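1. this one's sequence-less:
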C-alpha cells in the first residue's frame, strides 16, 4: 500500500480484507498517509469482526477523487470498526 494519495490503494486494501476474511476476524493496520480508493471496497465474511485502524485522525486518511464516492459495502459481516483515521475527498482530483 503506497498511501501517497495518488496511486490507487484499492486492490491492496481489498486483498488485505479478503485475506483476513478467511480467518473470520482480524485487524488491518493502515500506514500513515493518504490511502486513495478509486472504487468501492467489499467487506464480506466477517463473523467475529474486523477493525481497520489508522495511525490517527489526519495522519491516516482514506481519500477519493471529488468525482468518486468512498464506499465500503458490507455483506455477511458483523462488527466492522474504523479507528484512528479520517475520510476525505481529494481536492481538485
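-> Happy to help now that I have it. None of the values given here were measured: they were computed from a predicted structure.
2. C-alpha from now on. contacts and neighbour counts both.
-> Fine.
3. chain center to the one helix or strand residue 15 maps to, what's the gap?
-> Secondary structure from DSSP states H and E places residue 15 in helix 10-21. Its chain's average C-alpha position is 9 Å from that of helix 10-21, according to Cα atoms, centre = their mean, to the nearest Å.
4. what's the mean pLDDT across that helix?
-> In this model, helix 10-21 carries a mean pLDDT of 93.
5. who touches it?
-> Contacts with helix 10-21, where a contact means Cα atoms under 8 Å, 6 or more residues apart in numbering, come from 1, 26-28, 36-46.
6. from these, list just the buried residues.
-> Among these, those buried by neighbour count (16 or more other Cα atoms under 10 Å) are 26, 27, 36, 37, 38, 39, 41, 43, 44, 45, 46.
7. residue 73: how many residues sit nearby?
-> 10 (other Cα atoms under 10 Å).
8. and the strands in the protein?
-> 4-8, 25-29, 33-36, 41-44, 49-53, 60-64, 72-75, 80-83, 86-89 (DSSP state E).
9. could you dump these into TSV with distance to residue 14 added?
-> Formatted as TSV, these follow (distance: least, Cα to Cα, whole Å):
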stretch	distance to residue 14
strand 4-8	11
strand 25-29	11
strand 33-36	12
strand 41-44	6
strand 49-53	12
strand 60-64	13
strand 72-75	10
strand 80-83	15
strand 86-89	17
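10. among the ones you listed, show the one with the smallest mean pLDDT.
-> Least confidently modelled of the strands of the chain is strand 72-75, at a mean of 86 by mean pLDDT.
11. sheet partners, orientation included, of it?
-> Paired with strand 72-75 in the same sheet, following DSSP bridges, are strand 41-44 (parallel).
12. which residues does the strand it pairs with contact?
-> 10, 13-14, 17-18, 21, 71-77.
13. which of the residues you listed count as buried?
-> With burial judged by 16+ other Cα under 10 Å, the buried subset of the contacts of strand 41-44 is 10, 13, 17, 18, 21, 77.
14. adding distance to residue 59, write those out as TSV.
-> Formatted as TSV, the buried ones among the contacts of strand 41-44 follow (distance: Cα to Cα, whole Å):
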residue	distance to residue 59
10	18
13	17
17	21
18	25
21	26
77	27
